[in-house]
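> here are the coordinates; sequence isn't available:
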């Protein structure tokens, strides 16, 4: 019984990782590709680690498997964020089907300032000169 | 934080007093310490809200895993079928999180839920810029992001 569960989990995990790899090939721009790699790969590894924990069923192995999942969940999004952010600010083109971009108007390429768009007019403005709109 | 220290301390006390140094007994001690703290909690201000955090954490993990699975299937479907159903875009999300740790935690969670990827935080820490894959229903997406943030912050406050 538990064997079938383990097999199913590993199969699901590898399928998600395959889909992630396909996504990297198929998706049109950098940011959407980052979506595919981080999440589907994280979920795939988590499912495989769950299968490992179920298969061995020892405290030491289960603890380590959970540790792998925990650290992956802590690090994978950070890596995705750094790559996506660097790619965006270097100026990679977004896909032509992109609906809107609320970041672009708030970013000043010369000063690297990123406004929130929520500043009140009575706040002291920044000392660095802004670009004319 | 102080509640967690007391929990650990009382658990270790249980371990010493019973004299049985095994993992299972430590777990028993921690459970009893948790129950004791839940009992005395209304009388001690420093402990307020401690015992409510564990059920909240369990509920949050369940909620998060469900979101993770559902949204992953959605992205997988879009990758595997030839036409693109996605409508990507970058949106600005106002943050309720204030400290650096809270912002990092919320941004990480948002990156982990498929369909959304946190790009950057504005210089004044008030807005998180998110790349979303499915902007077809933007108000619904904003509502679910706010719900995720509210639940995540309830773990610490």
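Thanks, I have the structure now. Note that the structure is predicted; figures quoted are calculated from it, not measured.
> which residue sits closest to residue A:59, ignoring its sequence neighbours?
In this structure, residue A:59 finds its nearest non-sequential neighbour in residue B:23, 6.9 Å apart by C-beta to C-beta, 6 or more residues apart in numbering or on different chains. C-betas here are computed from N, CA, C, even on glycine.
> next, count neighbours for that neighbour.
Counted with other C-beta atoms under 10 Å in any protein chain shown, the neighbours of residue B:23 add up to 8.
> domains of chain B?
B:2-47, B:56-154 (automatic domain parsing).
> how about these, which one is nearest residue A:85?
For these, the distance to residue A:85 is smallest for domain B:56-154, at 5.3 Å, taking C-beta to C-beta.
> tell me if the closest one is near chain A.
Yes. Using C-beta under 8 Å from any C-beta of the partner chain, we find that domain B:56-154 touches chain A at B:68-69, B:71-72, B:75-76, B:79-80, B:84, B:86-92, B:94, B:107-109, B:111-115, B:117-124, B:126-127, B:129, B:131, B:133, B:135.
> which among the residues you listed count as buried?
Neighbour-count burial (16 or more other C-beta atoms under 10 Å in any protein chain shown) applied to those gives B:68, B:71-72, B:75-76, B:79, B:86-92, B:107-109, B:111-115, B:117-122, B:126-127, B:129, B:131, B:133, B:135.
> identify those among those that sit within helices.
B:68, B:71-72, B:75-76, B:79, B:107-109, B:111-112 (DSSP state H).
> from the residues you listed, which has minimum pLDDT?
Ranked by pLDDT, those bottom out at residue B:71 (77).
> list the contacts for that one?
Residues in contact with residue B:71 (C-beta atoms under 8 Å, 6 or more residues apart in numbering or on different chains) are A:39, B:113-115.
> please name the nearest non-neighbouring residue to residue A:100.
Closest to residue A:100 by C-beta to C-beta, 6+ apart is residue B:89, at 4.3 Å.
> poorly predicted segments of chain A, please.
In the predicted model of chain A, residues A:117-133 satisfy pLDDT under 70.
> what do you get if the cut-off is 80, keeping everything else the same?
Applying pLDDT under 80 to chain A flags residues A:91-133.
> which stretches of it form strands?
A:107-108, A:113-114 (DSSP state E).
> for chain B, see how far away the closest residue in space to residue A:54 that isn't next to it in sequence is.
Among residues not flanking residue A:54 along the chain, residue A:6 sits closest, at 5.4 Å (C-beta to C-beta, 6+ apart). In this view, residue A:6 and chain B are 18 Å apart by C-beta to the nearest C-beta, to the nearest Å.
> residues contacting residue A:6?
So residue A:6 contacts A:51, A:54-55 (C-beta under 8 Å, 6+ apart).
> quick one: those residues as TSV, columns for neighbour count too.
Output for the contacts of residue A:6, formatted as TSV (neighbours: other C-beta atoms under 10 Å in any protein chain shown):
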residue	neighbour count
A:51	20
A:54	16
A:55	17
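> might you specify the subset of the residues you listed located within helices?
Reading helices off the contacts of residue A:6 with DSSP H, I get A:51, A:54-55.
> so what's residue 46 up against?
Unless you meant another one, I'm taking chain A. If you count contacts by C-beta under 8 Å, 6+ apart, residue A:46 has them with A:13, A:69, A:72-73.
> switch to chain B, that's the one I care about
By C-beta under 8 Å, 6+ apart, the contact set of residue B:46 is B:2-3.
> what residues of the lengthiest helix in chain A count as buried?
Ranked by residue count, the top helix of chain A under DSSP H comes out as helix A:59-90. Neighbour-count burial for helix A:59-90, counted by 16+ other C-beta under 10 Å, picks out A:62, A:65, A:68-69, A:72-73, A:76-77, A:80-81, A:83-85, A:87-88.
> since that was my last question, I'll sign off now.
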